[in-house]
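**Student:** prediction below, plus the sequence it came from.
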Amino acid sequence: MTLKKIPPRPVIAVAGLACETSSFSPARTVSWDFHPRRGAEIIDKYKFLHEGSPLAKAACWKGALIGHALPGGIVVRGDFEQLASEIIARLQQIIAATPIDGLWFDIHGAMCVEGLDDAEAELLHRVRTVVGPDVLISASMDLHGNVSRRLAHGTDLITCFRMAPHEDAMETKERACQNLVDILTAPTRTGKPRRPFKARVSVPILLPGEQTSTRMEPAKSLYELVPVVESIPEILDAGIWVGYAWADEPRNHAVVMVTGWNMSTAMEQAKLLAAYFWKCREEFQFVAPTGSLAKCLDTAFASIKRPFFISDSGDNPTAGGAGDVTSSLMELLARSELQNNTGVSVIYASIPGPKAIDAMIKAGIGAMVTITAGAQVDHLHSGPVTMTGIVFSIKYGDANAEVEAVLQVGTLFVIVTKLRKPYHHESDFVDLKLDPRQTDVVIVKIGYLEPELFDMAADWMMALTPGGVDQDLPRLGHRRIHRPMWPFDKSFSEMPEPTPELIPPSNECM
């Protein structure tokens, strides 16, 4: 029988919203936080879709709308509806001009919206209603996202990061697009693309990312199994989702998914990955030595290793923290090492304070100024902090912070921002005339250190501080996650048997 070919250049739309959301943070995320990109702006963002690239030659890409927000608090419902409605309207415009064959669903997987459970699945349902049942949808996700059965059902292909920290983010997104193109351009007997089998396993584990970094065991070995499974000829993709620990929805737990052309093989491999994950659950530990902030400061000031980094983890803005909890900064300001002019140098990154920024700009570089900052959003864990010091530097135009300034209080350099910002790169400090490599102690609101900081640190610890992304999960008060759940429940009545379920094709009724 002669094989009929799908047209060589399928039309693929791109849409999605991404925000890692802590339901335990008092912050709220609004539409402009997503920095929406539309149309050609989306193609410009991704180098692997640029003209002349293999994917651009293989398919015609049509941008609808994508939005990537800095992790934060729950998304305001009206703002979600505004962005979701625009996505639908833009998809309708694209389809009116030309039929589409596929859609890349560019999401994170841990977005919480007021009054909605499983926000990504709800958005996908609306997208599917517009594009129709025959369009193939490929989703790319963060491994800290959540794969509900509904989300798995609505997609045809689904993949996630395989590294934490996420050094493979762009590689993952490109893989999602390549998998989609491969299926759409593969010859078939009917002329219509095949839909792969999808095997999904729910794993009753919910751990913070700081205990599941792929830099160390057991996550290192667990994720090294993914390409091994993927190398099996009948398998298209394998993914292990740790899940997102700082939100309280039934979908928050670990998941394994395997997609492929052979049903039994996909089911078998999903079961093997899930069983390995469960077997090593007690081996997951924090990525660095931990302790209270006081313990971390004691260790850092006594150490001869420089620079010594401390993660102020409970208010980490890249995990969903508000970024303006001041308890750590207050404790730091009270330390005798800084009050007694011992010469130890410290950088603190960072604390938001729009009015403080205004005062520092007005005073000017080199001026002595008294400012108050912090606790404007998260006032559950601490109050505002007042400091007197010299305006050391000011920088304008940052994509997140808008304006940054450094207040020098003796040998302490406090970075103050108009809006919250994560500090992940050496240039973040150098642009403010700070040299972290020549600083004794650097305190950053972060969980595990991002690659540049990790490589720079002579030593480091993680402070178990309070905030919307507290590492002590039980004290946050989850009420809606499925139980029993490791490590909330340490003794299970019986060992759960990893049971894969076959997810129906997406073109069946959701």
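**Tutor:** On my side now, so go ahead. Numbers count the residues shown, from 1 in each chain.
**Student:** check which residues of whichever strand or helix holds residue 89 are buried.
**Tutor:** Following DSSP states H and E, the helix or strand that holds residue 89 is helix 77-97. Under the neighbour-count criterion of 16 or more other CB atoms under 10 Å, helix 77-97 has 79, 80, 83, 84, 86, 87, 88, 90, 91, 94, 95 buried. No exception for glycine: its C-beta is placed from N, CA and C like everyone else's.
**Student:** which one of those residues is nearest residue 118?
**Tutor:** Distances from the buried residues of helix 77-97 to residue 118 were compared by CB to CB; the smallest belongs to residue 80, at 12.6 Å.
**Student:** roughly how far apart are the closest one and residue 504?
**Tutor:** In this view, residue 80 and residue 504 are 27 Å apart by CB to CB, to the nearest Å.
**Student:** next: residue 407.
**Tutor:** Distance of residue 407 to residue 504, computed by CB to CB: 58 Å.
**Student:** got it, and residue 477?
**Tutor:** Relative to residue 504, residue 477 is positioned 35 Å away (criterion: CB to CB).
**Student:** please say which of the two ends up with more neighbours.
**Tutor:** Here residue 477 and residue 504 are set side by side on neighbour count (other CB atoms under 10 Å), and the busier one is residue 504, at 15 against 8.
**Student:** wait, doesn't the more buried one sit right on residue 155?
**Tutor:** No. Counting by CB atoms under 8 Å, residue 504 sits too far from residue 155 to count as a contact (11.7 Å).
**Student:** from the buried residues of helix 77-97, which is closest to residue 372?
**Tutor:** residue 79 (29.0 Å).
**Student:** next up, the contacts around that closest one.
**Tutor:** Taking CB atoms under 8 Å, 6 or more residues apart in numbering as the definition of contact, the neighbours of residue 79 are 29, 30, 31.
**Student:** export those as CSV, with columns for secondary structure.
**Tutor:** Below are the contacts of residue 79 laid out as CSV (DSSP: H, G, I helix; E, B strand; the rest coil):
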residue, secondary structure
29, strand
30, coil
31, helix
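**Student:** highest neighbour count among those?
**Tutor:** When the contacts of residue 79 are compared by neighbour count (other CB under 10 Å), residue 29 ends up highest, at 26 neighbours.
**Student:** give me the local confidence score for it.
**Tutor:** Residue 29 is assigned a predicted lDDT (pLDDT) of 97.
**Student:** now it: how far from residue 89?
**Tutor:** Counting by CB to CB, the gap from residue 29 to residue 89 is 21 Å.
**Student:** do residue 295 as well
**Tutor:** Distance, residue 295 to residue 89, using CB to CB: 53 Å.
**Student:** what do you get for residue 417?
**Tutor:** From residue 417 across to residue 89, the span is 34 Å (CB to CB).
**Student:** likewise residue 436?
**Tutor:** 46 Å.
**Student:** next one: residue 465
**Tutor:** In this structure, residue 465 and residue 89 are 43 Å apart, going by CB to CB.
**Student:** same deal with residue 380?
**Tutor:** Computed with CB to CB, the distance linking residue 380 and residue 89 is 38 Å.
**Student:** now swap in residue 464 and tell me
**Tutor:** Counting by CB to CB, the gap between residue 464 and residue 89 amounts to 45 Å.
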